[in-house]
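Visitor: please work out how this folds:
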Amino acid sequence: MFTAASGDPWASNPERLRLIHTEPALRVSHQLESDRAIYDGIDVMADYLGVDRDNPRLRVFAAAVGGVMFHIANELTFIPDDAALTSLLEAIDLLEEGFPL
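Guide: This is a model prediction of the structure:
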């Protein structure tokens, strides 16, 4: 997904990203879509793992992963590159390690 988005001139357009982050209505809409993506992820993971979608452990896991990924991705003010992908993958590694400081 990262490669597809970074290779798409519309999705990786720095001006588009700047507008999303600076225009209040676009920022709210982006946040709502981010929340929807987390809930969609919960449904996919629940089906895959065979657990109830209301399982609190699953919901916390999905929120943590989604929150970390969205936070790091939102800090990207440039066209995503290998360094950006490395940052995202390092964040996932930290989550897998149990949030070591």
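Visitor: the protein: helices as residue ranges?
Guide: Taking DSSP state H as the test, the helices found in the chain are 2-6, 14-22, 24-49, 56-75, 82-96.
Visitor: next, the buried residues of stretch 16-30.
Guide: When neighbours are counted by 16 or more other CB atoms under 10 Å, the buried residues of stretch 16-30 are found to be L17, H30. For every residue, glycine as well, the C-beta is placed using N, CA and C.
Visitor: look through the chain and report the residue furthest from the middle.
Guide: Among the residues of the chain, the one whose C-alpha is farthest from the average of all C-alpha positions is G50, by CA atoms, centre = their mean at 23.1 Å.
Visitor: contacts only, for that one.
Guide: Applying CB atoms under 8 Å, 6 or more residues apart in numbering to G50 gives no contacts.
Visitor: quick check: phi and psi at it.
Guide: Dihedral angles phi and psi of G50 (degrees, to the nearest 10) take the values phi 70, psi 30.
Visitor: and E23, by the same measure?
Guide: Phi and psi for E23, reported as degrees, to the nearest 10, are phi -90, psi 120.
Visitor: find me the pLDDT at it, would you?
Guide: Model confidence at E23, expressed as pLDDT, equals 94.
Visitor: just name the most buried of the helices of the chain.
Guide: helix 56-75 (a mean of 15; mean count of other CB atoms under 10 Å).
Visitor: figure out how far it is from the centre of its chain.
Guide: Offset of helix 56-75 from its chain centre (CA atoms, centre = their mean, to the nearest Å): 7 Å.
Visitor: tell me the angle it makes with helix 24-49.
Guide: In this structure, helix 56-75 runs at an angle of 140 degrees to helix 24-49, with axes from the mean of the first three to the mean of the last three CA atoms, to 10 degrees as the basis.
Visitor: helix 56-75 to helix 14-22, inter-axis angle?
Guide: With the same axes, to 10 degrees as the basis, helix 56-75 and helix 14-22 are set at 120 degrees to each other.
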